[in-house]
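Undergrad: fold the stuff below for me.
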Amino acid sequence: MLLSLIFAFQVEQQPPTWVPDDERRWVQTWLRPTGETVTESQLRSASTQELAARLLPVSVAGAVTSHQIGENTDGLPPRMVVFHGDATPVEADACRRTGYTVTLKPAGDRNLTGETVSSSLELALAPGCHGEPGWRMMRTNPAQAARSLELLRWFANLKMRAAGGEDLAVSLACTGFQPDPCAAGDRAVLAALPLHQASSISMHGGNWYLELNPGRRDQLHWRIRIHRPAEGDPSIRMDWTPPPPF
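TA: Below you'll find the model as predicted:
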């Protein structure tokens, strides 16, 4: 009995916290599925608290305040439920919250159950958690949280300087599908990038990556690669490309 309790405590981890940054890549924290089942009808009619009580570990279920259902195609049952806690201000200009994603699988006749449960940290440049219309929060590695905010502030300032015609001291490159969004010129593209609609920010291989989704996730979107060397000018590559399989 004691060993079982110890194992359950180890697997059912606490949600991620604001931790010191380091060079680790973006990761999710994996939690133990509850094993409870729901029907598709219950999935669509239940409140956030009712669904969380069935699909999320008890250690985090009480912290969520909203949810979204990830629909499937071809008339298949929903594929996931995404829960969120309340957004809270971080410093003077930023906002954070924790998200929990439960992927679903069939469990008997017309029932669904959680196959995996993961949590992730989400950030946004939004003073007081109030952003411009259409703003969203982006996922990041909790270990990179402080550096992610610093990078976002630097990038937002660069966009303003590009719009104002100031010197950038940055190497810019832009590629895209037809109709070519790069035709307006690299500086104009940078100034117009919808940073408030970024869905993720991560760092790996010595580069930062921003995913910007100005439309639906099945539409083309911007993938921004940023390289900031210790010496020399930074470089930014802006690719108008199909979205990753999030």
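Undergrad: next up, phi/psi of the nearest residue to residue 92 once chain neighbours are set aside, please.
TA: Once flanking residues are discounted, residue 92 sits nearest to residue 127: 6.4 Å by C-beta to C-beta, 6 or more residues apart in numbering. From N, CA and C alone the C-beta is placed, and that goes for glycine too. Dihedral angles of residue 127 (phi, psi; degrees, to the nearest 10) stand at phi -50, psi 130.
Undergrad: now the strands for this protein?
TA: Using DSSP state E, the strands of the chain run over residues 29-31, 37-39, 64-70, 80-85, 88-90, 94-106, 111-124, 138-140, 171-175, 198-204, 207-212, 221-227, 235-241.
Undergrad: and the longest helix seen in the chain, what's buried?
TA: Secondary structure of the chain per DSSP state H: the longest helix is helix 145-163. Buried positions in helix 145-163, judged by neighbour count with 16 or more other C-beta atoms under 10 Å: 145-149, 151-152, 155, 158-159, 161-162.
Undergrad: identify the bridge partners of the closest residue to residue 31 other than its chain neighbours.
TA: Excluding the flanking residues, the one nearest residue 31 by C-beta to C-beta, 6+ apart is residue 117, at 4.3 Å. Under DSSP bridges, the beta-bridge partners of residue 117 are residue 31, residue 102.
Undergrad: run a quick neighbour tally on residue 117.
TA: Residue 117: 23 surrounding residues under other C-beta atoms under 10 Å.
Undergrad: from residue 51, how far off is it?
TA: From residue 117 across to residue 51, the span is 12 Å (C-beta to C-beta, to the nearest Å).
Undergrad: joint contacts of the two?
TA: With C-beta atoms under 8 Å, 6 or more residues apart in numbering applied, the contact sets of residue 117 and residue 51 do not overlap.
Undergrad: show me the shaky parts of this structure.
TA: Filtered on pLDDT under 70, the chain yields the residue ranges 1-27, 178, 215-219, 243-246.
Undergrad: hang on, the earlier thing: now render the buried residues of helix 145-163 as a markdown table, adding distance to residue 224.
TA: Converted to a markdown table, these look like this (distance: C-beta to C-beta, whole Å):
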| residue | distance to residue 224 |
| --- | --- |
| 145 | 19 |
| 146 | 20 |
| 147 | 16 |
| 148 | 13 |
| 149 | 16 |
| 151 | 11 |
| 152 | 11 |
| 155 | 8 |
| 158 | 11 |
| 159 | 11 |
| 161 | 16 |
| 162 | 13 |
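Undergrad: quick check: of these, which lies closest to residue 133?
TA: Lowest distance from residue 133 to the buried residues of helix 145-163 (C-beta to C-beta) belongs to residue 159, with 17.1 Å.
Undergrad: surely that closest one touches residue 188?
TA: No: shown here, residue 159 and residue 188 do not form a contact pair, counting by C-beta atoms under 8 Å, at 11.0 Å.
Undergrad: could you check the angle the longest helix of the chain makes with strand 235-241?
TA: 90 degrees (axes from the mean of the first three to the mean of the last three C-alpha atoms, to 10 degrees).
Undergrad: then helix 145-163 to CSV, C-alphas only?
TA: Output of helix 145-163 as CSV, limited to C-alpha atoms (Å, rounded to 0.1, in the frame of the first residue of the first chain):
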residue,chain,number,x,y,z
ALA,A,145,10.2,31.4,-19.4
ALA,A,146,12.4,34.3,-18.3
ARG,A,147,14.5,34.2,-21.6
SER,A,148,11.3,33.8,-23.6
LEU,A,149,9.9,37.0,-22.2
GLU,A,150,13.2,38.9,-22.8
LEU,A,151,13.1,37.7,-26.4
LEU,A,152,9.5,38.7,-26.9
ARG,A,153,10.2,42.2,-25.6
TRP,A,154,13.2,42.5,-27.9
PHE,A,155,11.2,41.4,-30.9
ALA,A,156,8.3,43.7,-30.1
ASN,A,157,10.7,46.6,-29.9
LEU,A,158,12.3,45.6,-33.2
LYS,A,159,8.9,45.6,-34.9
MET,A,160,8.2,49.1,-33.7
ARG,A,161,11.5,50.3,-35.0
ALA,A,162,10.9,48.7,-38.3
ALA,A,163,7.5,50.4,-38.6
